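Trainee: got a predicted structure plus its sequence, pasted below:
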Amino acid sequence: MTVSRRTVLAGSVAGAAALGVGALALDAGEAAIPGTLGGADFARGHRLRGGNFPAPTETQRTDIAIVGGGVAGLSAAWALANAGVTDFRLLELEDHSGGNARSGRNAVSAYPLGAHYLPIPNPEAKGILRLLEQLGILTGWQGGKPVFDPYAIVADPDERLLYLGKWRDGLVPDVGLTPQDRHDVTAFFAAMEVFRTRRDSAGRPAFAIPMALSARDPDLLALDKLSFTQWLDARGWHSPVLRGHVRYACRDDYGTEPDQVSAWAGVHYFAGRRGTAANADRDAVLTWPEGNGYLVGRMGARLKAHLDCGRIVHRVAPANSGVVIDSLDVARGIGVRLEAKAAILAMPHFVARHVVPEGTLEDGHFDYAPWIVANVTVDRPPAGEGTALAWDNVAWNSHSLGYVVATHQSLASVPGASVLTWYLPLSDMPPAEARRLMLDRSLEEWQHMVRDDLLGMNPDLAGAIRRIDVWRWGHAMIRPGPNFFWSGARERAGAPQPPLYFAHSDLSGLSLFEEAHYRGTVAAQAAMAQFGISYADALT
């Protein structure tokens, strides 16, 4: 293996782009690695920019249409089904629903293609708690706290960090720190705890999940005017240890560097989680081998009769006191018109602007982060000096976010083959440039970046990597920059325009399962209210 690949990955993906993709080519005589190059269907998505769709030759009718089958769309459909509504259709661009919570499977294990866990829900996340009850994941209540299926609670050890040549518990370094490091880290987390426990005069949390339930105190809203880096600078917290951890956090949840993340979003990452459970720690998460693919898979199975996948919706327009939705049925190659009384657009804002009449939605400065996810099948689990293999494994000096172990929740007493899900946000270059690189780079080139990074963390995996399957997300999540949350544009973008209702996590500025579920449920309940359909509010 060449030194250049490892150097490039540890430094930056932008550095790799500057060198050119040829810099990542195989060494002479090096065997190809089995695997696939997949991702969101770029060709279908890009057709929306060019138009030229066939005229509808078939007309269908329904009461409520949902466009988009990610978590928001499935949640809207779930709310309709819970209310006893039967006349609704969900149209999804891809051949499978689930959005960035989708999953895959091979002979070794199921594995995530994107989102891989759900934190213990906050008390205000009533909708998620009810969903988990319906799915049998929340199994009861004890002392006013939920009890969760123990097989869904992440098993110990849950996370470890490769730092100073050794795997250590947690993701914040606690050895080799200077006095300034310790001061800044301690002060930062003390400040986050103040934010976490703060309430406004009405009892609302300073940082809630769903975020729409957050307090609106002026000093809290003012955080949105700064980047997270500016906010840290103003407090004199310059420790490279603290800054390194903050960078990891911003790239982890937002796919974005701290100097481009709203300080409100930065604080929310650390102060927004307040989940409690009778049988789990507050920082525990719920996870499955396929990650959140387990949740959307269960939801999709219930809603299967209402799902129409492989539909490129290219026009949504109010008409005759209802709405007309034109789409291309990819499998049949024909145009289909769906006439509905109302439509819930559960798609990213940038897509929605392509399909509704011009002027319906303002720009709102919605921007999205591209990601690479690789599922690496190995003959044996990784090891390493120090803390034993955890569910989440991060290397301090890597440009990636490390890997999670798909078989971590397995009950097998003897470890064998496994799948490691490896994550890389392309955060160190402009998103549009990163998306071009994503499409230009070959499977072979991505595989060798992934392999070299994994071997840098775990040299013991030499000879154990069986295959590397690479998945590309061009618009994996919203990038919440300064002035995104409370300037008014975000709120206007999500405001209902009957018979059109809007639902997607980007309307929250936070790409979280809970936010997508909330937006989908809110939109469904608003549509039902329009038609006088009785429903039990799932969010209170």
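Mentor: Done, it's in.

Trainee: quick check: buried residues in stretch 229-238?
Mentor: Within stretch 229-238, the residues that count as buried by 16 or more other CB atoms under 10 Å are 229, 231, 232, 237. No exception for glycine: its C-beta is placed from N, CA and C like everyone else's.

Trainee: tell me the one of the residues you listed nearest residue 456?
Mentor: Distances from the buried residues of stretch 229-238 to residue 456 were compared by CB to CB; the smallest belongs to residue 229, at 27.2 Å.

Trainee: residues in contact with that closest one?
Mentor: In this structure, residue 229 makes contact with 258, 259, judged by CB atoms under 8 Å, 6 or more residues apart in numbering.

Trainee: so what does it look like in phi/psi?
Mentor: phi -60, psi -40 (degrees, to the nearest 10).

Trainee: including distance to residue 421, secondary structure and pLDDT, could the buried residues of stretch 229-238 go into CSV?
Mentor: Rendered in CSV, the data for the buried residues of stretch 229-238 read as follows (distance: CB to CB, whole Å; DSSP: H, G, I helix; E, B strand; the rest coil; pLDDT from 0 to 100):
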residue, distance to residue 421, secondary structure, pLDDT
229, 29, helix, 98
231, 32, helix, 98
232, 30, helix, 98
237, 32, coil, 98
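
Trainee: neighbours around the closest residue to residue 126 other than its chain neighbours, how many?
Mentor: Here the nearest residue to residue 126 in space, its sequence neighbours aside, is residue 539; by CB to CB, 6 or more residues apart in numbering that works out to 5.5 Å. Around residue 539 sit 18 other residues, with neighbours defined as other CB atoms under 10 Å.

Trainee: what does residue 335 give?
Mentor: Other residues near residue 335 number 18, with proximity taken as other CB under 10 Å.

Trainee: shouldn't it be within a strand?
Mentor: Yes - residue assignment for residue 335, taken from DSSP: H, G, I helix; E, B strand; the rest coil, places it within a strand.

Trainee: where does it land on pLDDT?
Mentor: You'll see residue 335 listed with a pLDDT of 98.

Trainee: relative to residue 376, how far out is it?
Mentor: Using CB to CB, to the nearest Å, residue 335 is found at 41 Å from residue 376.

Trainee: related to what we said a few turns ago, can I assume the residue nearest to residue 126 is in contact with residue 522?
Mentor: Yes - between residue 539 and residue 522 a contact is recorded at 7.1 Å, counting by CB atoms under 8 Å.

Trainee: which neighbours do those two share?
Mentor: Between them, residue 539 and residue 522 have no joint contacts when contacts are counted by CB under 8 Å, 6+ apart.

Trainee: hey, where'd the helices end up in the stretch 51-200 of the chain?
Mentor: Using DSSP state H, counting those that start in this stretch, the helices assigned to the stretch 51-200 of the chain run over residues 71-82, 126-134, 179-197.

Trainee: please apply the same query to the stretch 301-450 of the chain.
Mentor: Taking DSSP H, counting those that start in this stretch, the helices of the stretch 301-450 of the chain run over residues 349-355, 431-440, 443-457.

Trainee: and the angle from the longest one to helix 431-440?
Mentor: Which is helix 443-457. Helix 443-457 and helix 431-440 meet at an angle of 110 degrees, taking axes from the mean of the first three to the mean of the last three CA atoms, to 10 degrees as the criterion.

Trainee: average pLDDT for helix 443-457, rounded please.
Mentor: The pLDDT scores in helix 443-457 average 98.

Trainee: partner strands of whatever helix or strand comes next after it, with direction?
Mentor: Next along the chain after helix 443-457, taking DSSP states H and E as the criterion, comes strand 465-478. Sheet partners assigned to strand 465-478 using DSSP bridges are listed as strand 37-39 (parallel), strand 368-378 (antiparallel).

Trainee: ranking the ones you listed by burial, who's on top?
Mentor: Per-residue neighbour counts averaged over each of the strands paired with strand 465-478 give the maximum for strand 368-378, namely a mean of 25 (mean count of other CB atoms under 10 Å).

Trainee: how far off centre is that one?
Mentor: From the chain centre to the centre of strand 368-378 is a distance of 12 Å (CA atoms, centre = their mean, to the nearest Å).

Trainee: likewise for stretch 393-401?
Mentor: Distance of stretch 393-401 from its chain centroid, counting by CA atoms, centre = their mean, is 19 Å.

Trainee: all numbers from here: first residue = 56
Mentor: Got it, first residue is 56 now, which makes that one stretch 448-456.

Trainee: so what touches it?
Mentor: Applying CB under 8 Å, 6+ apart, the set of residues contacting stretch 448-456 from outside is 64-68, 214-219, 222, 226, 228, 299, 303, 306-307, 437, 457-460, 477-480, 483, 508, 511-512.

Trainee: pull out the buried residues from these.
Mentor: When neighbours are counted using 16+ other CB under 10 Å, the contacts of stretch 448-456 contain these buried positions: 64-65, 68, 214-218, 222, 226, 228, 303, 306-307, 437, 457-460, 477-480, 483, 508, 511-512.

Trainee: list the contacts of stretch 579-595.
Mentor: 118-119, 130-132, 134-135, 137-138, 140, 181-182, 185, 396-397, 399, 551, 553-554, 556, 558, 573, 576-577.

Trainee: what residues sit buried inside that stretch?
Mentor: In stretch 579-595, residues buried by neighbour count (16+ other CB under 10 Å) are 579, 580, 581, 582, 583, 588, 590, 593, 594.

Trainee: out of those residues, who's nearest residue 371?
Mentor: When those are compared for distance to residue 371 (CB to CB), residue 582 comes out closest, at 13.9 Å.

Trainee: where's the closest one relative to residue 395, distance?
Mentor: When residue 582 is compared with residue 395 (using CB to CB), they lie 10 Å apart.

Trainee: common neighbours of these two, please.
Mentor: Once CB under 8 Å, 6+ apart is applied, the residues that residue 582 and residue 395 both contact turn out to be residue 119.

Trainee: circling back: out of the helices of the stretch 356-505 of the chain, nearest to residue 263?
Mentor: Comparing these by their distance to residue 263 (CB to CB), the top pick is helix 404-410, with 21.8 Å.

Trainee: tell me the helices and strands packed up against that closest one.
Mentor: For helix 404-410, the packing partners by 3 or more CB pairs under 8 Å, 6 or more residues apart in numbering; DSSP states H and E come out as helix 97-105, strand 366-374.

Trainee: any idea how far the last one is from the chain center?
Mentor: Centre-to-centre, strand 366-374 and its host chain are 26 Å apart (CA atoms, centre = their mean).

Trainee: and the angle for it with helix 97-105?
Mentor: Calculated by the same axes, to 10 degrees, strand 366-374 forms an angle of 30 degrees with helix 97-105.

Trainee: buried residues in strand 366-374, which are they?
Mentor: Of the residues in strand 366-374, those buried under the neighbour-count criterion (16+ other CB under 10 Å) are 366, 367, 368, 369, 370, 371, 373.

Trainee: cool, and the first one?
Mentor: Counting neighbours by 16+ other CB under 10 Å, one finds that the buried residues in helix 97-105 are 99, 100, 102, 103.

Trainee: I am finished for the moment; much appreciated.
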